[in-house]
Structures are given as C-alpha cells and as structure tokens.
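Chemist: What follows is a predicted structure for the sequence shown.
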Amino acid sequence: MNTEPSLREAVDSGSPALVEAVLQDEVLWYQRRSELLEMRDLARHWHTTGAEAELRRRTGAEGAVARTRVQDGEFHYVDELSLGGLTVRDGHAAILTYLEPKLCIRTSFEELMERALAHPDQEHAVWAQSTILLAHRRDQETWKAAVALRGHADPIHRLFGAEVARLTHLFDGSEEDPFAGPALELFVDWSSQENDVGVLTQVLAGVSEHGDPRADAALLPYAGHPDVRIRRAVASGFNRWVPAFSAAAREALLAHMTDPDSMVRELACRTVADAKDRDPALADAMAALLGDAEPEVRGAAVYGLARHDDERCVAGARDLRPVPPGSALEHYLDQVWRYEMRRDGR
C-alpha cells in the first residue's frame, strides 16, 4: 500500500519541504508538465486567497485559527494553521516560487519581493526561496534591482535588497566572479550609512565575505556595538587569510573573546582558530576560555588551540568529553585528534 502523499496533497499541505520531497526526481519535471501547471495554479490559489481564508472556506468553521511557527525542512520555518479539524501550513508562496522555475517561468523581481515581504522573516520559507532564486540568476537586471533598494525608506525592503545582492556574489562560483568588486564597493559604502540593525547585520555579512583590507576597516567601527547581532557579525567577519591580523582587528578579537554574549565569544574563537595569525596573545585568550561556562565556547577554544598546535587543547578536550555524536563539539574535538597525530608524527 502506497502511503506517500500525492503532489496535490503536498501542495495543499502548504509545506514546501514536502513538495520538494515529492518532486525529488527531476525526470518527473518534464514527464508531468501538465500536472505541474495544475499544481502551480493550486499553489497560486492558496497564495492569493490566503491560507486562513481558504482554510475557513474548506472547513466552513468559525472562531479563532490556531497559529504556530513550525520548522519546515532543515533550515526554514512556516506558520501552521489549524481550524475545524484541518491543519495547513502557510508555505504556498514558497511552493509557487519553487514550481515556477521547473516550468521555465521567470517571475519578476517585484513579484518575488512582494511574496517575501508578506512574511518579513529571513527564516520563513518564502523569503529564503525568493532571495535564493533571484541570487542564482546572477544577471545585471536582478543585481541593479537589488542594489536600487538600498535607498528605500522601508528597512525591510533594504534588507531584501541587501540579501539578494550578498547571495548573488556568494553563489557566483565562476572564475570571473563579476560581482565581487561591485559587492565589496556596495557593502563597504553601505555599512557606513545604514542605521537599521537588521539591515546593517546583513550588510556586514556581505562585507565579511571579501578578503580585502577595506572589509576589515568597515567592520572595525562596529566591534563594540551595543547590539549583539552586530558584534556577532564583526566577530566572525575579520579576514582570516592574511598572514596576520591588523593590530586593531587583533584587539577587537581579544575583546570579543571576553564578550558577555557566548556566541560572540565562540565566533571570535572560530575566527582566530581558522586564521594564520599565531600571536601568543590570541592563543592565551583562547586558553582562558577553557573554563568558560558554555560548552560550545570551550569547544571553540579547544578547536582553536588545536589548530594553532597548542598543547593546552588536550586537557581542554578531556574536560569536554563525552560529547553527543554529530554535534559541533564532536567537530571541535576532531581537531584535537588531528593535532595529536601531527605532534606524534603519525
């Protein structure tokens, strides 16, 4: 007995992850074009009508709709609505955005943005689906539309533009990398003028993806920012590929390793761990975190010391064991094993 949901059931459910699972066989995109068109229309109906309104129409029920934020797939979220014994998720706009390229339908920048902005949450499935789809186009039309949003009065529009521009460069794996220079110039200049914390966090993430002295210079003014989101972006953003950090960047990282926020401390350790700079002050700062209250911070310190061939990682790792399989701590401790192999010449 086949218990797998049909494509119609998956679309009706409002779960983008379920639709992707049903359509995982790419051959079916071509064999079932008429069905995909029908499902595109069904998803669009749910989207334009609204999940709550369609749920009421189908159930005929009155009263309040129960709404809960739930994870859909590995990385994204949607809202789950329940009424009259039926439950549906509000991911129909994401499903529509997923199906259109399979049918060679190019949806306009403006429409994709409108869908995303109806759910102004970067973790919502439709926001992610829209920004990723636009970024993968990697054409000048899309780039210019994203950059133009920098001047928009509404921060959520600026956030959308910043994310599309950042991902456009991030996803460009070509040797030419035509968006690298424009992206660096855009984000360095933008970072000095943006006053919304959410947008600035995205802009600084864009800055940090460039191994250029201008990027570090753009990050430094925000090293002590009162908002933790900004400090996290800075702590993880300094250029790891230079032979040594600048004096100012080194001081900022040392300060971040004593930050009140545990994630800032962990990210600073990760930055130092993966860098080429072997300043003893950086190793001592990581060693000081071996007694941190948070296991993830201690793990990052152990990881960093192991990467720097510092014997203090061995005792630090011993104090962390045992760790859950598949966790970040397991990855951190793997570096200690690698250090011991190097140390013992094995």
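Modeler: Now that the structure is in, tell me what you want to look at.

Chemist: Tell me where the stretch 101-250 of the chain has helices.
Modeler: For the stretch 101-250 of the chain, applying DSSP state H, counting those that start in this stretch gives helices covering 109-117, 125-137, 140-148, 155-170, 180-191, 197-207, 213-219, 228-235, 247-256.

Chemist: Need those in CSV (columns: distance to Ser13, mean pLDDT and mean neighbour count).
Modeler: Any C-beta I mention is one placed from the backbone N, CA and C, and that applies to glycine too. Shown next, in CSV, are these (distance: least, Cβ to Cβ, whole Å; pLDDT from 0 to 100; neighbours: other Cβ atoms under 10 Å):
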stretch, distance to Ser13, mean pLDDT, mean neighbour count
helix 109-117, 18, 98, 18
helix 125-137, 13, 97, 22
helix 140-148, 30, 97, 16
helix 155-170, 27, 97, 23
helix 180-191, 37, 95, 18
helix 197-207, 30, 97, 23
helix 213-219, 43, 94, 19
helix 228-235, 33, 98, 22
helix 247-256, 43, 97, 19
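
Chemist: TSV please, covering those and showing distance to Phe75.
Modeler: Output for the helices of the stretch 101-250 of the chain, formatted as TSV (distance: least, Cβ to Cβ, whole Å):
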stretch	distance to Phe75
helix 109-117	15
helix 125-137	7
helix 140-148	21
helix 155-170	14
helix 180-191	23
helix 197-207	16
helix 213-219	26
helix 228-235	18
helix 247-256	26
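
Chemist: which SS class is Gln71?
Modeler: strand (DSSP: H, G, I helix; E, B strand; the rest coil).

Chemist: Which residue is the nearest non-sequential neighbour of Pro309?
Modeler: Just so we're on the same page, residue 309 is Asp rather than Pro. Nearest residue to Asp309, sequence neighbours excluded (Cβ to Cβ, 6 or more residues apart in numbering): Tyr339, at 6.2 Å.

Chemist: which residues touch that neighbour?
Modeler: Tyr339 makes contacts with 306-307, 309, 313-314, as judged by Cβ atoms under 8 Å, 6 or more residues apart in numbering.

Chemist: Any quick PyMOL command for the buried ones out of the residues you listed?
Modeler: With 16 or more other Cβ atoms under 10 Å as the criterion, this PyMOL line picks the buried residues out of the contacts of Tyr339:
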select buried, resi 306+307+313
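
Chemist: Which of the contacts of Tyr339 sits closest to Ala249?
Modeler: Comparing the contacts of Tyr339 against Ala249 with Cβ to Cβ places Arg307 closest, at 17.8 Å.

Chemist: quick one, what contacts that closest one?
Modeler: By Cβ under 8 Å, 6+ apart, Arg307 lies in contact with 273-274, 335, 339.

Chemist: change it to 7 Å
Modeler: Residues counted as contacts of Arg307 (Cβ atoms under 7 Å, 6 or more residues apart in numbering) are 273-274, 335.

Chemist: tell me the pLDDT at it?
Modeler: The model reports Arg307 with a pLDDT of 96.

Chemist: How about Glu26?
Modeler: In this model, Glu26 is scored at 62, pLDDT.

Chemist: Val207 and Trp127: what is the separation?
Modeler: Using Cβ to Cβ, to the nearest Å, Val207 is found at 21 Å from Trp127.

Chemist: And Gln202, by the same measure?
Modeler: Look at Gln202 and Trp127: by Cβ to Cβ, they are 12 Å apart.

Chemist: what domains does the record give for this structure?
Modeler: As given by automatic domain parsing, the domain ranges for the chain are 1-137, 139-210, 227-346.

Chemist: Go through the helices of the stretch 101-250 of the chain and name the closest to Ala288.
Modeler: helix 247-256 (10.0 Å).
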